[in-house]
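**Q** pasting a predicted model and its sequence here:
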Amino acid sequence: MTLSRHLADNQRESSDGDLGALLMQISVVSKFISREVNRAALIGKLGYTGEVNVQGEQVRQLDIWSNDVYVTALKETGLVCTVVSEEMEELLHFDRNCAAGGYVVCFDPVDGSSNLDINGTVGTIFSVRRRRGQGRDHAAADPLQKGTEQIAAGYVMYGPSTVFVYTVGRGVNGFTLDGTIGEYVLSHPNITIPRRGKIYSVNQGNYHRWSEATRRAVDYFNSLDKSTGRPYSFRYVGTMVSDLHRTLLKGGVFMYPAEVGGGKKSTGKLRLLYEAQPMAYLVEQAGGRASTGLERILDIEASDYHQRVPLVIGSADDVSLIEEFYRGER
Ligand code: FDP
C-alpha cells in the first residue's frame, strides 16, 4: 500500500475532496527535504545564514531552503490560503487561493535542527485546518483556532529511513520511503500507543529550572518501585519528532515543561500551532493523551502564531499520572 493509494482511499470516505491532494504535495516536499538532509554535509548546507529567526534562534541554511520549498509547493497546489511557519514571523496569504476557501497550513520545516551538525535525526511537522471564513479579513485569524479544528496532521522523520506519519482523524498510519522507487510504502499501519510505557523523555539538564511539581513527577519516574515498573528508562534525542516517534511506537511520555523564573521558557519551549497541536492530534488518534499538565493541548485556542506551551504527551496513563502531580494530588 503506497501513501498515494492510502490518501486516495481516505479521500473516498471523506467530504474533504482536496485534502488528499494537499497531503500528497506535502509528501513530495518531504522527499526533497529528505534528499537535501542526506547530502547537506557534501553540498555545504549545514551552516548558518547569519540571521536570527522570530524565536531568537540562529537560522540555518537548511531551515530557510526547506521553508522556501514548502511555501512554493503549498502555493502551487492552489488549495492553501494561509501559511504559518516557524521560519516566518508573519503569516503568509496566497490571495488567489483564498477566494475559494482554501486550507490553513502550519508547519515546522526542520524540527530538531540543532541535531543537523551531528548527523542526528531531524523532522518536519505539519497541521491542516479549514479557514474560518472567506476573503482576506478572516485570514489573520484563520490559524488561531483550537487544536480540535485540525483536519489533518503529521510528521516526517529523516532518520536511518525517512518515515511519513499522518492522521486525518481516522487513526494513525506510518509510511517508509523506499528510495529505489521514490514512494512511501505503508510500514506502520494503525499505530496504537501502549496505554502505559516504560520510558520517560525530557531534557533533564533543565531540572533545576523546573517547578516543584515537574521535578517531583520526574523524580517519580526515576525512583525504584518494582510493583509499578520503576525506574522507567530515560531516552532523549532532542528532536521532538524522533522522541515522539519512539513514544508513539513504544509508549511512555515525552515532556517539555515550563521553567520558573520568568525566563524565555516560562511557558515552555515548544510551539503550539506547529509542534504541540499536530503531535497532540496524532497521539490522541493513536489512543494517547497530550496536556500542558493542567489542560488538554487540543482545547487551547492560540492567541499568537508562535505561542509556546508546556507539553506532556504520550501514553494515556503516564500523562494522567503527571497531571496528578500538577494538580497537587501526589
Ligand atoms: P530544536 O531547537 O533543535 O529545533 O522545537 C525545537 C526542538 O529542537 C525540538 O525538536 C526538541 O524537542 C527541543 O527543541 C529540544 O530542546 P532542548 O535542546 O532545549 O532540549
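**A** Yes, it's here.
**Q** which positions in this protein make contact with the ligand?
**A** With C-beta under 6 Å from any ligand atom as the criterion, the chain meets the ligand at residues Asp111, Gly112, Ser113, Ser114, Asn203, Gly238, Thr239, Met240, Lys269, Leu270, Glu275. The way it works is simple: take the backbone N, C-alpha and C, and place the C-beta from them, glycine included.
**Q** hmm, Gln61 and the third one touching each other?
**A** No - between Ser113 and Gln61 there is no contact under C-beta atoms under 8 Å: 10.2 Å.
**Q** ok, and the closest non-adjacent residue to the residue in the stretch 1-150 of the chain that the ligand sits nearest to?
**A** In the stretch 1-150 of the chain, the residue that lies nearest the ligand is Ser114 (3.4 Å; C-beta to the nearest ligand atom). Nearest non-adjacent residue to Ser114, counting by C-beta to C-beta, 6 or more residues apart in numbering: Gly238, 6.7 Å away.
**Q** so who does the one you found touch?
**A** Gly112, Ser114, Asn115, Gly120, Asn203 (C-beta atoms under 8 Å, 6 or more residues apart in numbering).
**Q** burial measure for the second one, as a count.
**A** Taking other C-beta atoms under 10 Å as the criterion, the count of residues near Ser114 is 13.
**Q** doesn't it lie inside a helix?
**A** Yes - according to DSSP: H, G, I helix; E, B strand; the rest coil, Ser114 belongs to a helix.
**Q** verify the stated contact: Arg132 with Ala141.
**A** Yes - between Arg132 and Ala141 a contact is recorded at 6.0 Å, counting by C-beta under 8 Å.
**Q** measure the residue of the stretch 1-150 of the chain closest to the ligand to Tyr103 for me?
**A** In this view, Ser114 and Tyr103 are 30 Å apart by C-beta to C-beta, to the nearest Å.
**Q** measure Thr124 to Leu248 for me?
**A** 16 Å.
**Q** can you list the low-confidence ranges for the chain?
**A** When residues are selected by pLDDT under 70, those of the chain lie in 15, 100, 134-138.
**Q** now do the contacts for Ala8.
**A** Shown in contact with Ala8 (C-beta under 8 Å, 6+ apart): Gly20.
**Q** please report phi then psi for it.
**A** phi -70, psi -40 (degrees, to the nearest 10).
**Q** thinking again about what came up before, state the helix or strand in which the residue nearest to Ser114 lies.
**A** Gly238 belongs to no helix or strand when assigned by DSSP states H and E.
**Q** now the strands for the stretch 1-150 of the chain?
**A** Along the stretch 1-150 of the chain, counting by DSSP state E, counting those that start in this stretch, strands occupy 48-52, 58-60, 80-85, 92-93, 103-111, 122-130, 150-158.
**Q** those strands into TSV, with extra columns for mean neighbour count?
**A** Listed next are the strands of the stretch 1-150 of the chain as TSV, based on neighbours: other C-beta atoms under 10 Å:
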stretch	mean neighbour count
strand 48-52	12
strand 58-60	19
strand 80-85	25
strand 92-93	16
strand 103-111	27
strand 122-130	26
strand 150-158	26
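**Q** just send those strands back as TSV, with distance to Leu22 too.
**A** TSV is the format used below for those (distance: least, C-beta to C-beta, whole Å):
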stretch	distance to Leu22
strand 48-52	29
strand 58-60	26
strand 80-85	7
strand 92-93	16
strand 103-111	6
strand 122-130	7
strand 150-158	8
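**Q** go through those strands and name the closest to Ile26.
**A** Ranking the strands of the stretch 1-150 of the chain by proximity to Ile26 (C-beta to C-beta) places strand 122-130 first, at 5.7 Å.
**Q** which of the contacts of Gly238 are buried, as a PyMOL select command?
**A** In PyMOL, selecting the buried portion of those, with burial taken from 16 or more other C-beta atoms under 10 Å, looks like this:
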select buried, resi 112+115+120
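**Q** most widely separated two among the contacts of Gly238?
**A** Gly120 and Asn203 (14.6 Å).
**Q** what about the helices in this protein?
**A** For the chain, the helices defined by DSSP state H occupy 3-12, 19-39, 61-77, 95-98, 212-222, 240-250, 277-285, 316-326.
**Q** mind giving me the packing neighbours of the fifth one?
**A** Put plainly, it is helix 212-222. Counting contacts by 3 or more C-beta pairs under 8 Å, 6 or more residues apart in numbering; DSSP states H and E, helix 212-222 is packed against helix 316-326.
**Q** still on that earlier bit, closest one of the residues of the chain next to the ligand to Ser227?
**A** Checking these against Ser227 with C-beta to C-beta, the nearest one is Asn203 at 28.6 Å.
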